[in-house]
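Asks: coords below, sequence missing:
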């Protein structure tokens, strides 16, 4: 039950969090679609990526803890919100995993150390903050596997910048200097995202000129490319796509929500002679609405 693409963008005018809605189930012939975002507070957005568990129990706990945080009278920092979310996911995952292997000869299911990640984005005062926690399997000193939920770095980034979680192989290529997706890299929005990444550690985010609308286009483009070219990069057909959830946290005011249907992901760019640059509008033929 892996497969999703999360985009988190700190811009000059607010934080954008984008999430697709496809979720493969181990007992289903077609993907389930769920909302992978929630609001633990009026001024923050959390998102879940990774292995959701049979019967979606990690997803259910993630949404349940979010609702609890919404009712909390005490104001919690972004870090505290993330800690509570990952701690509850760790507890339920550990309880549902049952007996753990007594040696480290092989990884326990799922067959990856990584289980899931949660990211929480918001403001602390006027400072934009995004922090990421990972739920994963680790060996202890005796070589036994156990589940941990830890912060991935300190704040994932401050100032400006773009970050992806999940099936991010193609999305990352969009923002690097490789020769892949040259047509898309000439888009003004993608160039603005690249400039913002160069200023990632700067306090003066406004210097990048990277806007929320540009961030939306970058995210939708990354999703579109992942749908169209995922098979070339070992991404399972249909693992990413569906209705997109875009949530913007402005510098002041309430969180703004937008839902984007697949046929409205992006406008079609000019045709490219390169086999990896152009992409189509309709995802149905490429797995965006896989069945």
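Replies: That came in fine, so what should we check first? All values derive from a computational prediction rather than experimental measurement.
Asks: Can you give me the buried ones in stretch 121-137?
Replies: Residues of stretch 121-137 classed as buried by neighbour count (16 or more other C-beta atoms under 10 Å): 121-123, 128-137. The way it works is simple: take the backbone N, C-alpha and C, and place the C-beta from them, glycine included.
Asks: Oh, that last question was meant for stretch 200-209, not what I typed.
Replies: Quick answer for stretch 200-209 (16+ other C-beta under 10 Å): 200, 205, 208.
Asks: dump the residue contacts of residue 63.
Replies: Listed by C-beta atoms under 8 Å, 6 or more residues apart in numbering, the contact set of residue 63 reads residue 38.
Asks: Can you give me the distance of it to residue 208?
Replies: 33 Å (C-beta to C-beta, to the nearest Å).
Asks: repeat for residue 135
Replies: For residue 135 relative to residue 208 (C-beta to C-beta), the value is 32 Å.
Asks: Residue 120 too?
Replies: 22 Å.
Asks: repeat for residue 225
Replies: Separation of residue 225 from residue 208 (C-beta to C-beta): 23 Å.
Asks: Repeat that for residue 66.
Replies: Counting by C-beta to C-beta - residue 66 and residue 208 are separated by 30 Å.
Asks: Also residue 251?
Replies: Residue 251 is 15 Å from residue 208, by C-beta to C-beta.
Asks: Please name the nearest non-neighbouring residue to residue 169.
Replies: Spatial nearest neighbour of residue 169, chain neighbours left out: residue 233 (4.7 Å); criterion: C-beta to C-beta, 6 or more residues apart in numbering.
Asks: do the same with residue 4
Replies: For residue 4, the spatially nearest residue (C-beta to C-beta, 6+ apart) is residue 166, at 4.3 Å.
Asks: State whether residue 253 is indeed within a strand.
Replies: No: when DSSP: H, G, I helix; E, B strand; the rest coil is applied, residue 253 is found to be coil, with no strand at that position.
Asks: Pull the number of nearby residues for it.
Replies: With neighbours defined by other C-beta atoms under 10 Å, the count for residue 253 comes to 11.
Asks: Repeat that for residue 55.
Replies: 12.
Asks: That one looks like it's in a helix, true?
Replies: Yes: counting by three-state DSSP, residue 55 is located in a helix.
Asks: Might you report the residue contacts of residue 251?
Replies: Neighbour list for residue 251: 13, 14, 123, 126 [criterion: C-beta under 8 Å, 6+ apart].
Asks: I'd assumed residue 246 was in contact with the second one.
Replies: What that stands for is residue 14. No: the pair residue 14 / residue 246 is not scored as a contact, 11.5 Å apart, by C-beta atoms under 8 Å.
Asks: All the helices of the stretch 1-150 of the chain, residue numbers only.
Replies: Assigned by DSSP state H, counting those that start in this stretch, the helices in the stretch 1-150 of the chain fall at 57-70, 78-97.
Asks: Run the angle between the shortest one and helix 78-97 for me.
Replies: Right, helix 57-70. 140 degrees (axes from the mean of the first three to the mean of the last three C-alpha atoms, to 10 degrees).
Asks: Pull out the buried residues from helix 57-70.
Replies: In helix 57-70, counting by 16+ other C-beta under 10 Å, buried: 58, 59, 61, 62, 63, 65, 66, 69.
Asks: Could you do the longest one as well?
Replies: Neighbour-count burial for helix 78-97, with 16+ other C-beta under 10 Å as criterion, is recorded at 78-86, 88-90, 92-93, 97.
Asks: picking up where we left off before, can I get the helices of the stretch 1-150 of the chain in JSON lines with distance to residue 40?
Replies: Shown next, in JSON lines, are the helices of the stretch 1-150 of the chain (distance: least, C-beta to C-beta, whole Å):
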{"stretch": "helix 57-70", "distance to residue 40": "4"}
{"stretch": "helix 78-97", "distance to residue 40": "5"}
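Asks: Could you list the low-confidence segments of the stretch 51-200 of the chain?
Replies: The model of the stretch 51-200 of the chain has pLDDT under 70 over residues 98-111, 153-158.
Asks: make it 90
Replies: The model of the stretch 51-200 of the chain has pLDDT under 90 over residues 51-57, 73-74, 94-114, 124-128, 137-148, 150-161, 177-179, 196-200.
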